[in-house]
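*Asks:* Predicted structure and sequence below. I'll ask about it afterward.
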Amino acid sequence: MNPPTTTALVEPAPGASSKLQSLGAALPWLLSFGLVGFVLTTQDLTGLWAALSGANYPLFGAALVSFLFVGLLLDSTSFYLCFKWLARVGRFGEMLRARAASELLMLLSLVVGLGGLAVYVHRRYGVSYKRASGILLVDLLHEAAAIGTLALLAGLLVDPSALPASAADDLTAVHRVAVGTMVFYGVCVFLSLTWKYLPDAFKRDTPLKVFSEIRAQWFAAFYVLKVVKNLAMGLFVAVGISAFGVKLPVLVGIAFTQVVLLVRGLPVTAFGIGVDQLTIPSLFGPWDPAGEPGQVLAFSAVYTCSLLLGRLALGLPFLKSVLRDARS
């Protein structure tokens, strides 16, 4: 009898791979519910029910619907232009439907949503997974650039002396995060524009190679689209939180919302559940009305749930047609 090979010794047991995949899919939800439990045991919940029942929901709903449609239009335009210019494929109507349907996968995590879009453009248009991944990284890079830009510019326009002491410290931290994000974006743009001068070791056929094909005016178009979209999100938060009686300065809302977006975009929790309930009260808590605790926490809960349900409502009508297109 031949001795067992090294490969056989290190191969996982049958079913181990599927168990690991299941654990990986469940982990963000476990972490989300763990964070929610932590919030419920550490936050002042005495005024939470009163805040939820006394909010101005018509105002919040109008702000939410406006943002959902504006955000979908801008994200779809960016998605369409990325593949039109860098892969020469796609029609706007199809790309809008695909981007809307991807919101269903974004509920799991940003990475899963982007993976779904890569599968769609591969099956629908024949774009290789490597190239599709690179193009989607371009879109993601400009999302980060918009976060840094608005956090920095809006933050610089805020008068620190007019803020509560704890909020002034948070503003300084926001500035640092924004500068770091913008430096990262600047380095990526510089490498893209000087790609042909880089050593050959940097120019292997990887997903990042697509960055060398971006023209300067394309960078500008992607950048402006994402800045306008994230500005709309900041305005939505500023208006939405006012529906809960919180008088938050608009510029503070725009700047601090970018940090909320940055943290909730990390692929560690499910759709920002739990993360929102930590970051929003931490950043906007100083504006909780005196004698009425729980207003900001109540907003964070409604914010998370409404975005989840709103994006479900956007994506479900297009799911069937997108799956049909991907199979054709």
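*Replies:* Received it, and whenever you're ready, just let me know what you need. Residues are numbered from 1 along each chain as shown.
*Asks:* Can you give me the neighbour number for residue 118?
*Replies:* Look at residue 118: counted by other CB atoms under 10 Å, it has 21 neighbours. From N, CA and C alone the C-beta is placed, and that goes for glycine too.
*Asks:* Might you report the residue contacts of the closest residue to it other than its chain neighbours?
*Replies:* Spatial nearest neighbour of residue 118, excluding adjacent residues (CB to CB, 6 or more residues apart in numbering): residue 132 at 4.2 Å. In this structure, residue 132 makes contact with 87, 117-118, 121-122, judged by CB atoms under 8 Å, 6 or more residues apart in numbering.
*Asks:* Can you pull the phi/psi pair for residue 132?
*Replies:* Dihedral pair for residue 132: phi -60, psi -40, per degrees, to the nearest 10.
*Asks:* Most neighbours among the contacts of residue 132, which one?
*Replies:* Top of these by neighbour count (other CB under 10 Å): residue 121, with 26 neighbours.
*Asks:* tell me which strands and helices whichever helix or strand residue 229 is part of is in contact with?
*Replies:* Here residue 229 sits within helix 216-242, counting by DSSP states H and E. For helix 216-242, the elements it packs on are helix 57-87, helix 129-157, helix 165-193, helix 250-264, helix 295-327, judged by 3 or more CB pairs under 8 Å, 6 or more residues apart in numbering; DSSP states H and E.
*Asks:* what do you get if the cut-off is 7 Å, keeping everything else the same?
*Replies:* helix 57-87, helix 129-157, helix 250-264, helix 295-327 (3 or more CB pairs under 7 Å, 6 or more residues apart in numbering; DSSP states H and E).
*Asks:* tell me which of the contacts of residue 132 is nearest to residue 316?
*Replies:* residue 117 (16.8 Å; CB to CB).
*Asks:* Grab the nearest non-local neighbour of the closest one.
*Replies:* residue 102 (5.2 Å).
*Asks:* For that neighbour, report the pLDDT, please.
*Replies:* Note on residue 102: pLDDT of 91.
*Asks:* swap in residue 179?
*Replies:* The per-residue pLDDT reported for residue 179 equals 93.
*Asks:* Could you report the distance from it to residue 264?
*Replies:* 21 Å (CB to CB, to the nearest Å).
*Asks:* Look at the two and report which has more neighbours.
*Replies:* Neighbour totals were compared for residue 179 and residue 264, and residue 264 leads with 20 against 13 (other CB under 10 Å).
*Asks:* quick revisit: out of the contacts of residue 132, the closest to residue 140 would be?
*Replies:* residue 117 (10.8 Å).
*Asks:* Now name the helix or strand holding that closest one.
*Replies:* Per DSSP H and E, residue 117 falls inside helix 110-125.
*Asks:* quick one: that helix to helix 250-264, angle?
*Replies:* Angle, helix 110-125 to helix 250-264, by axes from the mean of the first three to the mean of the last three CA atoms, to 10 degrees: 80 degrees.
*Asks:* Now do helix 110-125 against helix 57-87, angle only.
*Replies:* Going by the same axes, to 10 degrees, helix 110-125 makes 50 degrees with helix 57-87.
*Asks:* quick one: contacts of stretch 208-226?
*Replies:* 74, 77-78, 81, 85-86, 131, 134-135, 138, 142-143, 145-146, 188-189, 191-192, 195-196 (CB atoms under 7 Å, 6 or more residues apart in numbering).
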